[in-house]
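Engineer: Have a look at this fold, sequence not included:
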Ligand SMILES: [Ca+2]
């Protein structure tokens, strides 16, 4: 206590003897008074309330973020399901398209085959004047005389011989 009094006395002494320092102290006191006034205007309770409100809002935001993340996860799940469905549908469509294409190809082949058959039918491979469709004796020798079925006398004899042989063989066989 004595030391404080001694220091205060010393300050007073120095202040009195030094006018500039006295003005400096007055300025300091004035600044301190302004600071004190400002501090008194601060409502600590209001600050605590504000901070508490901010904390509540942060918690709400965190909760919202969590709900949002859960929602996003659910959306992702739904999107995955839709994508899986789309893939199966796409696979089905592709499979179906392939079947249709195969059917088209088969139809084309069948059509082409019928065209080929028709061309073969109206052709005359052995040049005997009888169309293949009506010619019962293919590979007739060129320039041979043939009947209405495109068979030369030689071919008719061969057919008769074969028929006789076949009959003999079948009767012999049983
Ligand atoms: Ca013929």
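Structural biologist: Good, I have the coordinates. Computed from a predicted model, the values in this text were never measured in an experiment.
Engineer: Against residue 96, how distant is the residue nearest to the spatial centre of the chain?
Structural biologist: Residue closest to the average C-alpha location in the chain (C-alpha atoms, centre = their mean): residue 83, at 6.5 Å. Remark: distance between residue 83 and residue 96 (C-beta to C-beta, to the nearest Å) = 20 Å. The C-beta positions use only the backbone N, C-alpha and C, and glycine is treated the same way.
Engineer: again with residue 133
Structural biologist: Distance, residue 133 to residue 96, using C-beta to C-beta: 40 Å.
Engineer: For the residue nearest to the centre of the chain, give me its contacts.
Structural biologist: Residue 83 sits next to no residue when contact means C-beta atoms under 8 Å, 6 or more residues apart in numbering.
Engineer: Next, it: secondary structure please.
Structural biologist: Following DSSP: H, G, I helix; E, B strand; the rest coil, residue 83 is assigned to helix.
Engineer: Mind jotting down where the helices sit in this structure?
Structural biologist: Secondary structure of the chain, counting by DSSP state H: helices at 2-17, 19-41, 44-122, 153-173.
Engineer: do you know which of these lies nearest residue 141?
Structural biologist: helix 153-173 (7.2 Å; C-beta to C-beta).
Engineer: Distance from the closest one to the middle of the chain?
Structural biologist: Mean C-alpha position of helix 153-173 versus that of the full chain (C-alpha atoms, centre = their mean, to the nearest Å) differs by 72 Å.
Engineer: Repeat that for stretch 149-156.
Structural biologist: 70 Å.
Engineer: Check stretch 121-136 too.
Structural biologist: The chain centre lies 60 Å from the centre of stretch 121-136; the measure is C-alpha atoms, centre = their mean.
Engineer: buried set for that stretch?
Structural biologist: Neighbour counts over stretch 121-136 (16 or more other C-beta atoms under 10 Å) mark 126, 128, 130, 135 as buried.
Engineer: For it, what does the pLDDT average out to?
Structural biologist: The pLDDT scores in stretch 121-136 average 91.
Engineer: same thing with stretch 74-86?
Structural biologist: 82.
Engineer: Over to stretch 51-63?
Structural biologist: On average, stretch 51-63 scores 87.
Engineer: how far does it sit from the chain's center?
Structural biologist: Put simply, stretch 51-63 sits 40 Å off its chain's centre (C-alpha atoms, centre = their mean).
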